[in-house]
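S.K.: what follows is a predicted structure for the sequence shown.
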Amino acid sequence: MENVSLQMENLCVPCNCRCRHCLLAYDGHPVGAEYERGKALARRIAAESPVMFGYYIGYCMDTPMLFDHIAFCREIGSPAGRFLQMNGFRVRPDRDIRELMEQIKHAGVELIDLTFYGLPEYHDTFAGRRGDFRLLTAMLAAANEAGLPVFISAPITEENAGQVERLLDLLSAYKTEDIQFYLPHAKGRGRFLEEKRLRSATLDRLPPAVRARMPKVKTQSEAQWLAEGAFPEPETRSLTLSLTPENLARCASMSAPDMLADLEALDDAFYAAIPATSELARLYGDPSGDKLYRYRDLVLLWTKQYVRDNHITLHDMTDERGHFSVRQ
């Protein structure tokens, strides 16, 4: 298994939303380490890492340290110095939003991302905050005014599929780099959306303009994946260390190669307890399943089922709330 990158997350910034598909299942209590100590460790690991290194903070980027973080990430070559996810910021007056976008552009950010969940009322409910749709459109307008490129992403499910054509019309009034609809993940709170996952018949009824903006990654029903009968195993992985107050001292005493070796050991142990994908398909695959998946999302679904059924208590390397890996 080839390691392609070492990442470090420091979830030290609270988020102002409670989105229904939150990857990190944010509950109002940041779990990350103190900002400056996390930054100091990341600077050393970036210099020592034998593979590509990236550092980011969260759950949200709305922090007094934002511009220091952007400058730091640009210094160490982390993508977080060029790309900024803007969901979960606190509501603020339009003049402050315009100033924020100008500052972000001046700081060297090259692209921001905004996520829309549907039309205004549905979006606000999904995000867990009244006025969130209005805030994001104000950010979009201010970014356009500042000349800051914007990418828009929008999850599409059985629940909001009837709204996406109108949503696309509304968002197309603004200047964007792209507007892409995607199938939501099943990590964090996203697992509760599994029954809302888009189905083949619904996809067929979507307008061409929406379908043209669906993922370019191969996406098809569970039945189609099973009929193909090809279940390749991943060959590469990206490993992420999740920094917390509890593990900060230990991490600070480790070299980058030792840190990487620790994550490798966790990942190897977890996946050694999971059967080959072909066996997961035999155990859990639904030959009549009409829900749509990317391959890795379907494998994740089967993996989670196996972990639950077999009461595996090893550290779950698919859970991005702690140390995790992404295998491809």
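M.R.: Good, I have the coordinates. Numbers count the residues shown, from 1 in each chain.
S.K.: which SS state does the spatially closest residue to residue 214 that is not a sequence neighbour fall under?
M.R.: Spatially, and ignoring its direct neighbours in sequence, residue 214 is nearest to residue 181 (5.5 Å; C-beta to C-beta, 6 or more residues apart in numbering). (C-beta placed from N, C-alpha, C; glycine too.) Here residue 181 is strand, with the state taken from DSSP: H, G, I helix; E, B strand; the rest coil.
S.K.: measure residue 181 to residue 84 for me?
M.R.: When C-beta to C-beta, to the nearest Å is the yardstick, residue 181 and residue 84 sit 21 Å from each other.
S.K.: next one: residue 125
M.R.: 25 Å.
S.K.: neighbour count winner among these two?
M.R.: residue 84 (19 against 14; other C-beta atoms under 10 Å).
S.K.: per-residue confidence at the more buried one?
M.R.: What the model reports for residue 84 is a pLDDT of 97.
S.K.: and it, what element?
M.R.: According to DSSP states H and E, residue 84 maps onto strand 83-85.
S.K.: which other helices and strands does whatever helix or strand comes next after that strand contact?
M.R.: The element immediately downstream of strand 83-85 (helix or strand, assigned by DSSP H and E) is helix 94-106. Secondary-structure packing of helix 94-106 (3 or more C-beta pairs under 8 Å, 6 or more residues apart in numbering; DSSP states H and E): helix 132-146.
S.K.: got the buried residues for the longest strand along the chain?
M.R.: Using DSSP state E to define each element, the chain has its longest strand at strand 2-13. By 16 or more other C-beta atoms under 10 Å, the buried positions in strand 2-13 come out as 3, 5, 6, 7, 8, 9, 10, 11, 12, 13.
S.K.: and the next helix or strand past it?
M.R.: Following strand 2-13 in sequence, per DSSP H and E, is helix 35-48.
S.K.: could I get the full set of helices for the protein?
M.R.: Assigned by DSSP state H, the helices in the chain fall at 35-48, 66-76, 94-106, 120-127, 132-146, 164-171, 200-205, 208-211, 222-228, 248-252, 256-272, 277-284, 295-309.
S.K.: what does the last one contact?
M.R.: This points to helix 295-309. Applying C-beta atoms under 8 Å, 6 or more residues apart in numbering, the set of residues contacting helix 295-309 from outside is 183, 185-187, 191, 194, 218, 222, 225, 274-275, 277, 280-281, 283-285, 293, 312, 316, 318, 327-328.
S.K.: relative to helix 277-284, how tilted is it?
M.R.: Relative orientation of helix 295-309 and helix 277-284, computed by axes from the mean of the first three to the mean of the last three C-alpha atoms, to 10 degrees: 60 degrees.
S.K.: next, the buried residues of helix 295-309.
M.R.: Neighbour counts using 16+ other C-beta under 10 Å place 295, 297, 298, 299, 300, 301, 302, 303, 304, 306, 307 of helix 295-309 among the buried residues.
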